[in-house]
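[1] just to be clear, the model below is a prediction. Sequence and coordinates:
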Amino acid sequence: MKTQAKRLFISIRNRWGISNTLRKSKDSSLNIQGNILRTSIKIKGNSKVIIGAGCRIRNASIEVRGNNNRVELGEGVYFSGTIELFGDGNAIKIGNNTRINGADFIVHNGTKVEVGSRCLFSTKIDVRTTDSHSIFNPAGERINLDRNIYIGEHVWIGRMVSILKGARIGDGSVIGSMSLVSGTIPNEVIAAGVPAKPIKDNISWKE
């Protein structure tokens, strides 16, 4: 009985709590199974936002503009920060039991960000698939196309890390504070620097 009452309370607070703002177009889908607080969710267009069971979303902003976009936060995710999907066909998927204490995800122009399960993100982290502004060569061709980002399972991202378009971080790796990731980081290494490079391999870590 207590469990049912708690679920009802959370459901009411998610939808009507004065600290939350939920707005969506009639063609969009919003499925909140977790617990949100001091959070704004805005969806324009035919897109989906799914917040899994056991999630805790705090001091967050999720904004989706366009069609065929998808935001999926797996079960048990803790998230604080910003998610922004602009354009069509974008996606972000965050795996089960990942904890993100403060990160901005900027996903534009049909790109995807995938974050594996059991990851740990510190604060003031920037993850973006786009440069936001186009750069052209003399022939008028764009030379800074947006690209997908992949972050494996059980990855630890330090404070003030920037993860740029096309980056790939392997399972079990650690990214040192204030690093910039623009390429591929192997599994189970510590990487640091600008740009980030492996400085120690065959490591493991625990929270």
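    That came through, no problem.
[2] and the most centrally placed residue in the chain, helix, strand or coil?
    The residue at the geometric middle of the chain, judged as the C-alpha nearest the mean C-alpha position with Cα atoms, centre = their mean, is Phe105 (5.0 Å). Counting by DSSP: H, G, I helix; E, B strand; the rest coil, the backbone at Phe105 sits in strand.
[3] dump the residue contacts of it.
    Phe105 makes contacts with 81-84, 92, 113, 127-128, as judged by Cβ atoms under 8 Å, 6 or more residues apart in numbering. From N, CA and C alone the C-beta is placed, and that goes for glycine too.
[4] now Val107
    By Cβ under 8 Å, 6+ apart, the contact list for Val107 reads 83-86, 90-92, 113, 128-130.
[5] before we move on, the earlier item: can you select the buried ones from the contacts of Phe105 in PyMOL?
    The following PyMOL selection, which keeps only the buried ones among those, applies the criterion 16 or more other Cβ atoms under 10 Å:
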select buried, resi 81+82+83+84+92+113+127+128
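[6] looking at the contacts of Phe105, which one is closest to Arg70?
    Top of the list for closeness to Arg70, among these and by Cβ to Cβ, is Ile92 at 7.6 Å.
[7] quick one: which helix or strand includes that closest one?
    Taking DSSP states H and E as the definition, one finds Ile92 inside strand 91-94.
[8] I figured Ile169 hits Ile185, correct?
    Yes: counting by Cβ atoms under 8 Å, Ile169 touches Ile185, with 4.6 Å between them.
[9] could I have the CA atoms of stretch 141-149 written out in CSV?
    As requested, the backbone C-alpha atoms of stretch 141-149 are provided in CSV (Å, rounded to 0.1, in the frame of the first residue of the first chain):
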residue,chain,number,x,y,z
GLU,A,141,31.1,22.3,-49.5
ARG,A,142,30.7,22.0,-45.7
ILE,A,143,33.8,20.6,-44.1
ASN,A,144,32.8,20.2,-40.5
LEU,A,145,29.9,17.7,-40.7
ASP,A,146,28.2,16.6,-37.5
ARG,A,147,29.2,13.1,-36.3
ASN,A,148,28.0,10.5,-33.8
ILE,A,149,29.5,9.9,-30.3
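[10] return the distance of it from the chain's centre.
    19 Å (Cα atoms, centre = their mean, to the nearest Å).
[11] any chance you could list what contacts it?
    Contacts made with stretch 141-149 from outside it, assessed by Cβ under 8 Å, 6+ apart, are listed as 108-114, 127, 129-131, 134-137, 163-168.
[12] got a quick PyMOL command for the buried subset of these?
    PyMOL command restricting these to the buried ones, with burial defined by 16+ other Cβ under 10 Å:
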select buried, resi 108+109+110+111+112+113+114+127+129+130+163+164+165+166+167+168
